[in-house]
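K.L.:
Provided below for reference: sequence and predicted model.
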Amino acid sequence: MAGAIQVALATLRLGGLVHFVPFPVHAGYINGSAVLMVGAMIPHALGLQGSMAQFDLGQIRWLAPFIALAALAVALRAPKWTVRSRRTCWRC
């Protein structure tokens, strides 16, 4: 539903209205959605089948946290891998 609203607002060229919303409102919205995403990913990062409500240490698939940490490391390291060198000459 949110995607449909975004498409409708973009079609009507109402994206400029975002300038009238104060920055603290933007920051709060983005931080709130980030907290919700992290909370939703914790059971997956631990390899649990259900939710955190049924958490039992014996249910953790121990390979899943290592895969999640490896993915996090790649995601955080990627900007350093993709930045072009300051040199413009390949023979210099």
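P.N.:
It's in. Numbers count the residues shown, from 1 in each chain.
K.L.:
before we move on, which element is residue 75 in?
P.N.:
Using DSSP states H and E, residue 75 sits within helix 63-82.
K.L.:
And that helix, what's buried?
P.N.:
residue 68 (16 or more other CB atoms under 10 Å). C-beta: built from backbone N, CA, C; applies to glycine.
K.L.:
which helices and strands does it pack with?
P.N.:
In terms of contacts (3 or more CB pairs under 8 Å, 6 or more residues apart in numbering; DSSP states H and E), helix 63-82 is packed against helix 23-46.
K.L.:
Restricting to C-alpha, output the helix it packs on in PDB.
P.N.:
This file holds the C-alpha atoms of helix 23-46, laid out as PDB (Å, rounded to 0.1, in the frame of the first residue of the first chain):
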ATOM      1  CA  PHE A  23      13.900  17.400   9.800                       C
ATOM      2  CA  PRO A  24      13.200  15.900  13.200                       C
ATOM      3  CA  VAL A  25      10.100  14.300  11.800                       C
ATOM      4  CA  HIS A  26      12.100  12.700   9.000                       C
ATOM      5  CA  ALA A  27      14.800  11.500  11.400                       C
ATOM      6  CA  GLY A  28      12.200  10.000  13.700                       C
ATOM      7  CA  TYR A  29      10.400   8.200  10.900                       C
ATOM      8  CA  ILE A  30      13.600   6.800   9.500                       C
ATOM      9  CA  ASN A  31      15.000   5.800  12.900                       C
ATOM     10  CA  GLY A  32      11.700   4.100  13.800                       C
ATOM     11  CA  SER A  33      11.600   2.100  10.600                       C
ATOM     12  CA  ALA A  34      15.200   1.100  11.100                       C
ATOM     13  CA  VAL A  35      14.400  -0.200  14.600                       C
ATOM     14  CA  LEU A  36      11.500  -2.200  13.200                       C
ATOM     15  CA  MET A  37      13.700  -3.700  10.400                       C
ATOM     16  CA  VAL A  38      16.400  -4.700  12.900                       C
ATOM     17  CA  GLY A  39      13.800  -6.200  15.200                       C
ATOM     18  CA  ALA A  40      12.300  -8.200  12.400                       C
ATOM     19  CA  MET A  41      15.700  -9.500  11.200                       C
ATOM     20  CA  ILE A  42      17.000 -10.800  14.600                       C
ATOM     21  CA  PRO A  43      15.200 -14.100  14.500                       C
ATOM     22  CA  HIS A  44      16.400 -14.600  10.900                       C
ATOM     23  CA  ALA A  45      20.000 -13.800  11.900                       C
ATOM     24  CA  LEU A  46      19.800 -16.300  14.700                       C
END
